[in-house]
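[1] Got a predicted structure here, sequence first:
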Amino acid sequence: MENQYIIKGGTPLHGEVNISGAKNAALGILAAAIMTDETVVIDNLPNVRDINVLLDAIEGIGATVNRISPHAVEINGSTISSMTIDYDSIRKIRASYYLLGALLGKYRRAQVALPGGCDIGSRPIDQHLKGFRALGASVNIEYGMINTEADQLRGNHIFLDVVSVGATINIMLASCMAEGKTIIENAAKEPHIVDVANFLNSMGAEIKGAGTDKIRITGVQRLHTSEYSIIPDQIEAGTFMIAAAATKGDVLIKNVIPKHLEAISVKLIEIGATVEEFDDAVRVSASQRLRHSQIKTLPYPGFPTDMQPQIATLLALSEGTSTVTESIFENRFKYVDELTRMGASIKVEGNVAIIEGVEGFTGTTISAPDLRAGAALVVAGLVSEGYTTVDSIKYIERGYENFEDKLNALGASMEKIPVDDERAVQKFKLKVG
């Protein structure tokens, strides 16, 4: 059954929130976990739809998956019987393509359906395939499947034409048991790249330079057991930072790595919010209307594309004219129509949104077009006058764990109810008054 959020806006968020493990790191790490025949334990796993779908896909090829708790899993790849990831898995979650690199690296062959995922524009995987070919694999696409195999994989010098997180991770996976040395130039530097490399190293891989644009990998014969805890989710943390500032609240965001949040912190301070950093927490507060700014999304350590809809929502409420330039994905402004219906004044010209700040939003019925835009629309609902319902929250649940519970614990008034359930709506309105 489809659910929706109903939100009564207007309450500043106050209190503390704990951030879950990083979804994007977990996706790469779960794929890497099948590369040894020994049992691997992964902890601080976010309990979100994308992770559960990938675990199903891993089980689907015959690996043994044992959920120890909602946030921990044991995986054993010795029982894998199939090298094929079907369209159903990949349609639900794009990151299933990491199993291509993992299976190619371990078994020298793999077959994965061409990917789907969030509809935020074409995200070609040519750089992944270029990397596999450079390692000596043959790659061909037929009947909607990517087939790749190799008699043996040999290290090579690979230069990525564009900075790609997915390709960087997939090539690390494929090359960590290849013969000799591999160098990935123009590699992505995101925190989750570092986390996947650290995990592979904990299994016995030899990877140096993750987090810089040049990653050096020396192939090893085999990988072994490991117990590993995933880093906190930078985008979930950033979303709560924006929500605190937008609602003029005061929130301590715990279990984070402040260094990963710097691009967001700097912008919040620039527009007039207060950000305090601690060892593993940040505190964000705002007491007055914020100022305008210019934002351009860039690969890490630049401003993350996954935070673009959230910051645009905040700037739509700030004084003056702001611009947001999207330089990573071409189709990332689909939430603008929804914000406009709430009273925002935003014009999109190509890859730039020109935002005239307004005093406030009013609640209405809106629909989440994708994961991060959905989270931004929830933030918009939290600051709106009256009631907001957000449909298509399945997108939001792909990447945010217990989103409504965490927000309600900070003083929000929101509930997850079945779509078109008038009684649930009335009950909610009576309850929150």
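    Cool, the structure landed.

[2] Can you find the helix or strand of the chain with the lowest average pLDDT?
    Least confident helix or strand, the chain: helix 87-92 with a mean of 79, by mean pLDDT, DSSP states H and E.

[3] Tell me how many other residues surround residue 208.
    Neighbouring residues of residue 208 were enumerated by other CB atoms under 10 Å; the total is 12. Glycine gets a C-beta too; all of them are placed from N, C-alpha and C.

[4] in the sheet, who's paired with it?
    With DSSP bridges as the criterion, the beta-bridge partners of residue 208 are residue 216.

[5] wait, what's in contact with it?
    Residues in contact with residue 208, defined by CB atoms under 8 Å, 6 or more residues apart in numbering, are 215-217.

[6] And for residue 374?
    Contact analysis of residue 374 by CB under 8 Å, 6+ apart lists 335, 368, 390, 392-393, 395-396.

[7] biggest separation within these, which pair?
    Using CB to CB, the contacts of residue 374 reach their maximum pairwise distance at 335 and 393, which is 13.7 Å.

[8] joint contacts of those two?
    Common contacts of residue 335 and residue 393 (CB under 8 Å, 6+ apart): 368, 374.

[9] re earlier: who wins for most neighbours among the contacts of residue 374?
    Neighbour tally across those (other CB under 10 Å): the maximum, 28 neighbours, falls on residue 335.

[10] ok, that one - contacts?
    309, 312-313, 368-370, 373-374, 376-377.

[11] let's see it at 6 Å
    Residue 335 is in contact with 309, 369, 373, 376, counting by CB atoms under 6 Å, 6 or more residues apart in numbering.

[12] What separation do you get for the residue nearest to it when sequence neighbours are not counted and residue 219?
    Leaving out its chain neighbours, the residue that sits closest to residue 335 by CB to CB, 6 or more residues apart in numbering is residue 373, at 3.6 Å. From residue 373 over to residue 219 the distance is 41 Å, taken as CB to CB, to the nearest Å.

[13] More neighbours: the two, which one.
    Residue environment comparison for residue 373 versus residue 219 gives the larger neighbour count to residue 373, 28 against 19, counting by other CB under 10 Å.

[14] Let me know the secondary structure of that one.
    Classification of residue 373 into helix, strand or coil gives helix, according to DSSP: H, G, I helix; E, B strand; the rest coil.

[15] mind starting the numbering at 371 from now?
    Sounds good: first residue 371 from here, last item residue 743.

[16] Pretty sure it sits against residue 680.
    No. The pair residue 743 and residue 680 fails to qualify as a contact (CB atoms under 6 Å) at a distance of 8.8 Å.

[17] Which pLDDT value goes with residue 487?
    Model confidence at residue 487, given as pLDDT, is 52.

[18] cool, and residue 456?
    82.

[19] Not including adjacent chain positions, what is the nearest residue to it?
    Excluding the flanking residues, the one nearest residue 456 by CB to CB, 6+ apart is residue 483, at 6.0 Å.

[20] Next, give phi and psi for the one you found.
    Per-residue torsions, residue 483: phi -60, psi 150 (degrees, to the nearest 10).

[21] I'd guess residue 592 is in a strand, am I close?
    No. For residue 592, which was evaluated using three-state DSSP, the result is coil, with no strand membership.

[22] any idea how far it is from residue 475?
    Residue 592 sits 11 Å away from residue 475, taking CB to CB as the criterion.

[23] by contact count, what packs against the helix or strand hosting residue 437?
    Applying DSSP states H and E as the criterion places residue 437 in strand 434-439. Contacts defined by 3 or more CB pairs under 6 Å, 6 or more residues apart in numbering; DSSP states H and E place strand 434-439 against helix 419-430, strand 442-446.

[24] 10 Å instead?
    With contacts taken as 3 or more CB pairs under 10 Å, 6 or more residues apart in numbering; DSSP states H and E, strand 434-439 sits against strand 409-413, helix 419-430, strand 442-446.

[25] and residue 764, what is it in contact with?
    Residues in contact with residue 764 (CB atoms under 10 Å, 6 or more residues apart in numbering) are 372-373, 419, 738, 741, 744.

[26] Tell me which two of those residues sit farthest apart.
    Looking at those by CB to CB, the two members farthest from one another are 372 and 741, with 16.3 Å of separation.

[27] The two: which is more packed in?
    With other CB under 10 Å as the criterion, residue 372 and residue 741 differ in neighbour count, and residue 741 comes out ahead with 25 against 10.

[28] In this structure that one contacts residue 769, no?
    Yes. Using CB atoms under 10 Å, residue 741 is in contact with residue 769, at 4.8 Å.

[29] now the helices for the stretch 371-520 of the chain?
    Counting by DSSP state H, counting those that start in this stretch, the stretch 371-520 of the chain forms helices over residues 393-403, 419-430, 457-462, 468-477, 496-504, given from the N-terminal end onward.

[30] how near is residue 677 to residue 528?
    Using CB to CB, residue 677 is found at 29 Å from residue 528.

[31] Kindly apply the preceding question to residue 568 instead.
    When CB to CB is the yardstick, residue 568 and residue 528 sit 21 Å from each other.

[32] between these two, which one's more packed in?
    For residue 568 versus residue 528, neighbours defined as other CB under 10 Å are more numerous around residue 528 (24 against 17).

[33] any residues in contact with both of residue 592 and residue 475?
    Contact criterion CB under 10 Å, 6+ apart; residues bridging residue 592 and residue 475 by contacting each: 405, 547.

[34] Between these two, which has more neighbouring residues?
    A count of neighbours by other CB under 10 Å puts residue 475 above the other of residue 592 and residue 475, at 31 against 12.

[35] In space, what's closest to residue 581 - neighbours in sequence excluded?
    Distance criterion CB to CB, 6+ apart; nearest residue to residue 581, sequence neighbours excluded, is residue 564 at 4.4 Å.

[36] That'll do, ta.
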